[in-house]
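**Q** okay, here's the prediction I keep looking at, along with the sequence it came from:
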Amino acid sequence: MKYILILVFAFLINGCAIFGAPTELDVTKGMTAERIYQEGQSKMRDRDYDPAIMYFGKLESRYPNSRFATQAQLETAYAYYKKQEPALSVAAADRFIKLHPNHPNVDYAYYLKGLAVFAERGVVEKLTKQQISDRDPRALRDAFVTFKDLVSRFPNSRYAKDSTQRMVYLANSLAENELHVARYYMKRQAYIAAINRCKYVIEYYPQSPSLEEALVIMISAYDLAGLDDLKQDTLRILEKNYPESAMLGKGAPGDERVWWKFWESLY
């Protein structure tokens, strides 16, 4: 009897191996495209994004030519964004833009892509809670370019105003990032490198609040590099554009040995 039970048990195990795991139940079987889309939308409202993505994927594979499948592609990009998976959100948005460049809602795809690119951060940034101006500027530039594409291509889009405001914020952050590097170069006594960073701010971000400090750092760097003519030229620009600058009054220490560090005392 004992051996019979062992044989039966072995047969059951082998049977599982022969027939494989039970087939996963397809909850969308027999559903119309509209019904699958509605189910995905319901999951989105519940903030249950994984099942929503599953429904939208099933919809696109089963009814690829339906209007619901096209909308599902956009919803998938948004679901990944809300799920805090920006790389997948960007990929889904890019795919929609490539497949449907003339779609009435393609401006939203650009907008969503910009949001996702901006939200994408590395593990170190998340753990250290870096300030945005201390981050790798590549993602900031990519987000800026995406929002710029939206505003340029669709100036009347409902997302154009918000995108423009985000561009201003990103431009100011990029300018501050350049000054962050310029300060580092000043401390390393790499004055020409610091000057070049400041010139970049002046040329590409002329409306940025960082412009005054860029001029101040340049004056300091020219002074220490012994380039007096350029120092005086830059000083005149500062006087003309920022007559109330702290550097022009009490803010600048008189000790020439630490003169270049006066910009640190302004904060």
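**A** Received it, and whenever you're ready, just let me know what you need.
**Q** residues contacting residue 208?
**A** Residue 208 sits next to 171, 172, 175, 176, 201 when contact means CB atoms under 8 Å, 6 or more residues apart in numbering. In short, each C-beta sits where N, CA and C put it, glycine included.
**Q** now do the SS call for it.
**A** At residue 208 the chain is in coil, as set by DSSP: H, G, I helix; E, B strand; the rest coil.
**Q** state the distance from it to residue 187.
**A** 22 Å (CB to CB, to the nearest Å).
**Q** please apply the same query to residue 156.
**A** In this structure, residue 156 and residue 187 are 48 Å apart, going by CB to CB.
**Q** so between those two, which is more surrounded?
**A** Remark: of residue 156 and residue 187, residue 187 carries more neighbours, 12 against 6, as counted by other CB atoms under 10 Å.
**Q** C-terminal to the lowest-mean-pLDDT helix or strand in the chain, which secondary structure element comes first?
**A** None of the helices or strands of the chain scores lower by mean pLDDT, DSSP states H and E than helix 123-128, at a mean of 41. Scanning forward in sequence from helix 123-128 by DSSP states H and E, the next helix or strand is helix 137-153.
**Q** now do that next one, average pLDDT.
**A** The predicted model assigns helix 137-153 a mean pLDDT of 92.
**Q** got a list of contacts for it?
**A** 107, 110-111, 113-115, 117-118, 120-121, 132, 157, 159-160, 163-164, 166-167, 170-171, 173-174, 177.
**Q** so where is the protein shaky, pLDDT-wise?
**A** Residue ranges of the chain with pLDDT under 70: 1-24, 121-136, 249-267.
**Q** show me where it has helices.
**A** With DSSP state H, the ranges of helices along the chain come out as 2-19, 33-45, 49-62, 67-82, 86-99, 106-119, 123-128, 137-153, 160-187, 191-204, 211-224, 228-241.
**Q** can you add distance to residue 25 and give these back as a markdown table?
**A** Formatted as a markdown table, these follow (distance: least, CB to CB, whole Å):
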| stretch | distance to residue 25 |
| --- | --- |
| helix 2-19 | 16 |
| helix 33-45 | 14 |
| helix 49-62 | 12 |
| helix 67-82 | 21 |
| helix 86-99 | 25 |
| helix 106-119 | 32 |
| helix 123-128 | 37 |
| helix 137-153 | 40 |
| helix 160-187 | 42 |
| helix 191-204 | 56 |
| helix 211-224 | 62 |
| helix 228-241 | 69 |
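**Q** closest to residue 247 out of those?
**A** In terms of CB to CB, the element of the helices of the chain nearest to residue 247 is helix 211-224, at 5.3 Å.
**Q** what angle separates that closest one from helix 191-204?
**A** On the basis of axes from the mean of the first three to the mean of the last three CA atoms, to 10 degrees, helix 211-224 is oriented at 150 degrees to helix 191-204.
**Q** chain center to helix 211-224, what's the gap?
**A** Distance of helix 211-224 from its chain centroid, counting by CA atoms, centre = their mean, to the nearest Å, is 30 Å.
**Q** extract the CA atoms of it and return them as CSV.
**A** Output in CSV follows, covering the C-alpha atoms of helix 211-224 (Å, rounded to 0.1, in the frame of the first residue of the first chain):
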residue,chain,number,x,y,z
LEU,A,211,23.1,86.7,-14.5
GLU,A,212,24.2,89.1,-11.7
GLU,A,213,26.3,86.5,-10.0
ALA,A,214,27.8,85.4,-13.3
LEU,A,215,29.1,88.9,-13.8
VAL,A,216,30.4,89.1,-10.3
ILE,A,217,32.3,85.8,-10.6
MET,A,218,33.7,87.0,-14.0
ILE,A,219,35.0,90.2,-12.4
SER,A,220,36.6,88.2,-9.6
ALA,A,221,38.2,85.7,-12.1
TYR,A,222,39.5,88.5,-14.4
ASP,A,223,41.0,90.2,-11.4
LEU,A,224,42.9,87.1,-10.2
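**Q** OK, contacts around the residue lying closest to residue 55 once chain neighbours are set aside?
**A** In space, and not counting its chain neighbours, residue 55 is closest to residue 40: 3.4 Å by CB to CB, 6 or more residues apart in numbering. The contact partners of residue 40, taken as CB under 8 Å, 6+ apart, are 51, 52, 55, 56, 59, 72, 75.
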